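S.K.: When you get a sec, could you give me coordinates for this:
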Amino acid sequence: MKHIQLILLLGGACLSLNSQAQSFGDFLKNSAVNAARAAVSGNVDRAVTGAIDRAFSGAPEQDQSQAADTAAAAGAPISAIPAAASSAFAAPAPQAAAAPALAAGCKKRLKEDNLLLGARPESFEPAGLWPENAACAVHSFRDFEFKQAREAKHAFREASKIRCHGCEGGYAFDAWGGHGLIKKGGDYSAEFAKLLVALKQGQSVGWKGNKYHVSITKVGEHPIGDTPCNQFHYVLKDGGKQVAQYDGMYCEYARPYISKPTWNEVV
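M.R.: Okay, here's the model as predicted:
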């Protein structure tokens, strides 16, 4: 009886040892698998991190490829590469084209500014009568600028100044003597413009003031864009000596509240 009990105890001990050995083997197996997974994950992280660092230092496409190859060799899918890495390698989005820069001296273009001349044609003379803001888009012909030409006209008028005891301010200007060429009672602005435009190129008109003699010669019929224009040369003389001169111009366009185009003094 004692021998039987001893045999049973030894058999139970063997079964217990076998169970413990199997559990210990499973533990070792699981530990090895976890260690392998950790190694793979660490390789992927290091590969991707290194690729990102190198991408920002100048070789993004090569490093992205290396990161993908490393991840594949380590047994991880390409999708394991973090989104930050993908965005780091992404091509920059195209930028919208910048608006063309305004020419020097031009104001911001408005919707209604549709008149643009550009450079002066070689055939247009005198050159000083071409609009100074011809490179700018404007609303109408009246928006073109002729500052230098008008300054020359102002200097011409001042040079013709004479003393006049019965005049306002005590001065008059011989440059304004053209009124004598117009029929009395007529509209001077309209009639004097018609008189000048009717001249043939090279023809002149003039008058003798209280001191100075003024002559106006037609020198051209050059349009500005689609606007008809005539150019004239003004000379102020004291006896046979030239005192001043300037280039003037009349152009035909419609003024505000007048539908029909008329000839107007521009300079």
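
S.K.: As a check, name the ranges of all strands in this protein.
M.R.: Remark: strands assigned in the chain by DSSP state E are 161-163, 171-173, 204-208, 213-220, 229-238, 241-253, 262-265.

S.K.: For the fifth one, give me every contacting residue.
M.R.: So that's strand 229-238. 125-126, 129, 153, 156, 159-160, 174-175, 196-197, 211-223, 242-252, 263, 266 (Cβ atoms under 8 Å, 6 or more residues apart in numbering). (Each C-beta comes from the backbone N, C-alpha and C, glycine too.)

S.K.: Mark which of those are buried, thanks.
M.R.: The neighbour-count test (16 or more other Cβ atoms under 10 Å) marks 126, 129, 153, 156, 159-160, 174-175, 196-197, 212-214, 216-220, 222, 243-244, 246-252, 263, 266 as buried among the contacts of strand 229-238.

S.K.: Make JSON lines from the strands of the chain and add distance to residue 179 and mean pLDDT to it.
M.R.: Shown next, in JSON lines, are those (distance: least, Cβ to Cβ, whole Å; pLDDT from 0 to 100):
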{"stretch": "strand 161-163", "distance to residue 179": "15", "mean pLDDT": "96"}
{"stretch": "strand 171-173", "distance to residue 179": "11", "mean pLDDT": "95"}
{"stretch": "strand 204-208", "distance to residue 179": "9", "mean pLDDT": "97"}
{"stretch": "strand 213-220", "distance to residue 179": "12", "mean pLDDT": "98"}
{"stretch": "strand 229-238", "distance to residue 179": "16", "mean pLDDT": "98"}
{"stretch": "strand 241-253", "distance to residue 179": "17", "mean pLDDT": "98"}
{"stretch": "strand 262-265", "distance to residue 179": "14", "mean pLDDT": "96"}
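
S.K.: any chance of the ones you listed in a markdown table, plus distance to residue 144?
M.R.: Output for the strands of the chain, formatted as a markdown table (distance: least, Cβ to Cβ, whole Å):
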| stretch | distance to residue 144 |
| --- | --- |
| strand 161-163 | 29 |
| strand 171-173 | 26 |
| strand 204-208 | 26 |
| strand 213-220 | 17 |
| strand 229-238 | 11 |
| strand 241-253 | 9 |
| strand 262-265 | 12 |
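
S.K.: which stretch among those strands comes nearest residue 118?
M.R.: Distance to residue 118, taken as Cβ to Cβ, is lowest for strand 229-238 among the strands of the chain, at 16.2 Å.
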